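Enquirer: Can you look at this prediction? I've put the sequence above it.
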Amino acid sequence: MRNPLDPVLRRATSPAVVRHRAAVRLLRGVTGAPILPSRARGALAHRLRTGMTQAGWTPAEARAALAALARSSDSRTRADLLMREAADELAAGRTPPHLTEAVRAELTVADERFTAGDPRAAGRHLYRALRVLFHRSLHFDRLSSPLADDPSAFLAPLRDSVTGQALLAPRGRGTPAAEAPADRPLRLLVLTNGNPHFLREIRERYAAHPAVEFRYLHLTDDLTAGPLIKRVDPVVDHLVTGSSPYGERVEEWLRPHLDWADTLFVDWCVATAALVTLVDPGDTRVVIRLHSFEALSFWPHLVDFSRVDDVVFVSEHLRELVTAVSPDLSGEGAPRLHVIANAMDLGAYPRAKDPAARFTLGLVGVGAVAKDPRWALEVLRVLRRSDSRYRLLLIGDGLKASAGGAVRDYQAALDRELRELETAGAVTRVGHVTDVPEALTRVGVILSTSVRESFHCALVEGAASGALPVVRDWPFFARQRSGARTLFPADWVVRTPEEAAQRILAGTTDEEQWRTAGSSAAAHARATWDWSVTRHDFDALFRLPAQP
């Protein structure tokens, strides 16, 4: 039903009124009056903040007015005001200055409901807090993440909350995982609802392996599971309450798969992993592989790792980050942790390169802010001060125009720089390509300019093609013990665009020097990361007999 006070509130908080400081002081007094019902107080405060912004008050002044009102309100109104403010800031691509305060306020309401014996309502408030705490604008649409910067401090509100502790509580399993069968093939079930690209070699090998009976299921193709993975709130509800009709549907769907499988391999630590660990797996061994973006999402916090036997990371630096984000992955009762590189068949990449490729830098994949193509443009500018023959080839689709404010801001800055360089003939964009090995024949120097990567297959593929690899010391991991400098040979990794340019100039001095450097990089890539090498790690993971 429409609130009859809405027209009055709109007029009272219109820009024409609230551009005057006296009017703002009066409205703040009215909003803070105890006689005003909580719902009306919250609506008026939010409209006041919006009107102030439209009237030309600085965002900081409007936020300060709202925060002051929030602190004088009851817990629910306070949480609602701060969370709506945070959501507005995130939608605009800004980091909410009161982010932690907002999340704690919402979790305070959750804890009040949980203590009062209403865990279902508590779960709803917790889910609202999670959506803000792990909003993509904070972690994916910018060049840094407060979670990666300080996981302990960032997650403290969640871990301090009674409701958060209920969410994270281990439930364990009734039966330990059984040993691999000795009298029949291993029944291996692979489940995913993520990008299946990283499973191609795995599926082909174990579908044909004589010691394996293999099944594969992408949950979006399953009529029962597909609808179950489309919502997160029922997962939170089930974890907080301990039981739910949703959980019963998950059990009904998953149990036949668990009864069949000896080992269940879940690729991507996202919805599929959360669903699997809602259920006691019995004696089925559960293995989850975690790639990269999951570490900065809420998904690992919805996975009960006490029901997981093994967790696979694609790099050591990813393991270091994730164990800091999820302390339950270490210590007594934690799953075994493995580092196994992505499965890649690099045989198609060595192809003849034209001599002109020596002066072409390649960046494959520019569809995320984390790839930071502007860093590549700075490298190019430094190079062209010495030699105008250097060019940059951008391969892949660009950023999505429908993304949030932070992405749009980055894209606007990138477009300004690209226009200048494209006009000079220094940059070429080719968009998505289906034949990457062929595209790489045009590339003499392969770049990794990202702020974060779990592994960076495109860089390895470029190295395998015979391009000179140049890897930025990924800032997300630069403070860790492990990172780009421990994954790749030390001479591949640079800290600044100037160091990158120096490496490129030294490695492309003449054609012979360039081809020698490229040949060395290709040999290292094939010997270290080709599927002919890493498949043995997967055989060992699945406890299969050695096979050529």
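Expert: On my side now, so go ahead.

Enquirer: May I ask you to confirm that Gly247 is in contact with Asp280?
Expert: No: with contact defined as Cβ atoms under 8 Å, Gly247 does not count as touching Asp280 (11.1 Å). (C-beta placed from N, C-alpha, C; glycine too.)

Enquirer: These two - which one has more neighbours?
Expert: Higher neighbour count among Gly247 and Asp280: Gly247, with 19 against 16, using other Cβ atoms under 10 Å.

Enquirer: Could you confirm the more buried one falls within a helix?
Expert: Yes: per DSSP: H, G, I helix; E, B strand; the rest coil, Gly247 lies within a helix segment.

Enquirer: Help me confirm that Ala22 is found in a helix?
Expert: Yes: residue assignment for Ala22, taken from three-state DSSP, places it within a helix.

Enquirer: Check it and give its pLDDT.
Expert: Looking at Ala22, its pLDDT is 71.

Enquirer: now do Leu81
Expert: pLDDT at Leu81 comes out at 82.

Enquirer: What of Leu36?
Expert: For Leu36, pLDDT reads 54.

Enquirer: ok, the most centrally placed residue in the chain - contacts?
Expert: Centroid-nearest residue in the chain, with Cα atoms, centre = their mean: Phe293, separated by 2.2 Å. Listed by Cβ atoms under 8 Å, 6 or more residues apart in numbering, the contact set of Phe293 reads Phe140.

Enquirer: Use 38 as the first number from now on
Expert: Sure, I'll start counting at 38 from here, so that last one is Phe330.

Enquirer: Distance-wise, check it relative to Cys306.
Expert: For Phe330, the distance to Cys306 (Cβ to Cβ, to the nearest Å) stands at 10 Å.

Enquirer: Then Val287?
Expert: Applying Cβ to Cβ to Val287 and Cys306 gives a distance of 17 Å.

Enquirer: neighbour count winner among the two?
Expert: Ranked by neighbour count (other Cβ under 10 Å), Val287 and Cys306 place Cys306 first, with 28 against 23.

Enquirer: Give the helix, strand or coil label for that one.
Expert: Under three-state DSSP, Cys306 comes out as coil.

Enquirer: any idea how far it is from Arg373?
Expert: 15 Å.

Enquirer: ranges for the helices of the stretch 438-585 of the chain?
Expert: 442-460, 473-476, 494-501, 521-524, 534-544, 548-566, 568-578 (DSSP state H, counting those that start in this stretch).

Enquirer: In terms of mean pLDDT, which of those ranks lowest?
Expert: The stretch with the lowest mean pLDDT among these is helix 442-460, at a mean of 92.

Enquirer: For it, name the packing helices and strands.
Expert: Here helix 442-460 touches helix 410-423, strand 464-468, going by 3 or more Cβ pairs under 8 Å, 6 or more residues apart in numbering; DSSP states H and E.

Enquirer: and for that helix, what are the contacting residues?
Expert: With Cβ under 8 Å, 6+ apart, helix 442-460 has contacts from 128-131, 174, 178-179, 406, 410-411, 414, 417-418, 429, 435-438, 440, 464-466.

Enquirer: Work out for me the element Val323 sits within.
Expert: Val323 belongs to strand 322-327 when assigned by DSSP states H and E.

Enquirer: so what strands line up beside the following helix or strand past that strand?
Expert: Per DSSP H and E, the first helix or strand lying C-terminal to strand 322-327 is strand 347-350. Here strand 347-350 has these sheet partners by DSSP bridges: strand 322-327 (parallel), strand 373-376 (parallel).

Enquirer: what about the helices in the stretch 238-387 of the chain?
Expert: Using DSSP H, counting those that start in this stretch, the helices of the stretch 238-387 of the chain run over residues 262-265, 270-278, 282-297, 308-313, 353-362.

Enquirer: For the ones you listed, which has the smallest mean pLDDT value?
Expert: helix 262-265 (a mean of 92).

Enquirer: Look up how far Arg115 lies from Leu136.
Expert: 15 Å.

Enquirer: likewise Gly160?
Expert: On the measure of Cβ to Cβ, Gly160 and Arg115 end up 20 Å apart.

Enquirer: same question, Val419
Expert: Per Cβ to Cβ, Val419 is found 51 Å from Arg115.

Enquirer: same question, Leu315
Expert: For Leu315 relative to Arg115 (Cβ to Cβ), the value is 33 Å.

Enquirer: What of Leu170?
Expert: Leu170 is 17 Å from Arg115, where distance means Cβ to Cβ.

Enquirer: mind giving me the domain split of the chain?
Expert: With domains defined by automatic domain parsing, the chain comprises 43-202, 223-382+570-578, 392-565.

Enquirer: Any chance of CSV for these, columns distance to Thr212?
Expert: Listed next are the domains of the chain as CSV, based on distance: least, Cβ to Cβ, whole Å:
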stretch, distance to Thr212
domain 43-202, 26
domain 223-382+570-578, 5
domain 392-565, 33
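
Enquirer: and Ala215, which of these is closest to it?
Expert: domain 223-382+570-578 (4.1 Å; Cβ to Cβ).

Enquirer: gap between the two ends of that closest one?
Expert: 12 Å (Cα to Cα, to the nearest Å).

Enquirer: Might one say that Pro218 is in contact with Asp299?
Expert: Yes: at 6.1 Å, Pro218 and Asp299 qualify as touching, with contact defined as Cβ under 8 Å.

Enquirer: Could you name every residue contacting both of those two?
Expert: Arg224.
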